[in-house]
Every structure is written in structure tokens, then in C-alpha cells.
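Colleague: Predicted structure and sequence below. I'll ask about it afterward.
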Amino acid sequence: MKKIPLRRCLGCFESKPKNELYRIVKTKENSIVLDKTGKLNGRGAYICKSKECLEKAIKSKKIEREFEAKISDEIYTELKNMIEID
């Protein structure tokens, strides 16, 4: 039986299977992007596919602290749109 990788959500701090979370990546060029494939190079952070977790992470600036960088409103808007689609 194959081991399922777990990752921790920045909103609710629960460990969940990697494929149930969205990945946000800080690349070598210090840009923050959404990784839809889960395979981009760079520092990754994960967030649940729920609006509540995203709101908690945005309000507490947890994503910005994780990457030690300012996150643009475009990234937050794209995340919100992805969650509404799912």
C-alpha cells in the first residue's frame, strides 16, 4: 500500500492529503504563484479548498509570513475564484 503524503493547511492547521489542498509557491525569482500541477520548483505552502480556511489565512497574514513576502490581491482573488469553482 502506497503512503499518502500529508500537508498542513495554513488556515485551519489540519494535516490533510496533499491532493485535497491548493499549493502556493514562492519561486526563485521571489514571485508568488498558484501551483495547479503541484510540481513547480520553489517553496510551497498549502491551503484547504474551503473559503473559511482561506479567509483565516488572509486575515492572520499567515501566507505572507510563511513566504516572508507581500502577497498581491491578484493571488488572493485567484485563490477565492478557484475555491468557488470547486
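Modeller: On my side now, so go ahead.

Colleague: hmm, who's touching the lengthiest helix in the chain?
Modeller: Longest helix of the chain, by residue count under DSSP state H: helix 73-85. Residues outside helix 73-85 that contact it (CB atoms under 8 Å, 6 or more residues apart in numbering): 22, 24, 32, 33, 34, 47, 49, 50, 51, 54, 58. Glycine gets a C-beta too; all of them are placed from N, C-alpha and C.

Colleague: angle of the host helix or strand of the last one against helix 73-85?
Modeller: With the criterion set as DSSP states H and E, the secondary-structure element containing residue 58 is helix 51-59. Comparing the axes of helix 51-59 and helix 73-85 via axes from the mean of the first three to the mean of the last three CA atoms, to 10 degrees yields an angle of 170 degrees.

Colleague: Past helix 51-59, which element shows up next along the chain?
Modeller: Sequence order places helix 62-67 as the next helix or strand after helix 51-59, per DSSP H and E.

Colleague: Would you mark the buried spots in that following helix?
Modeller: Across helix 62-67, burial judged by 16 or more other CB atoms under 10 Å covers 62, 63, 66, 67.

Colleague: And those, which is closest to residue 3?
Modeller: Closest to residue 3 out of the buried residues of helix 62-67 is residue 66 (24.6 Å), distances taken as CB to CB.

Colleague: my guess is that closest one contacts residue 44, does it?
Modeller: No - applying CB atoms under 8 Å, one finds residue 66 not in contact with residue 44, separated by 9.5 Å.
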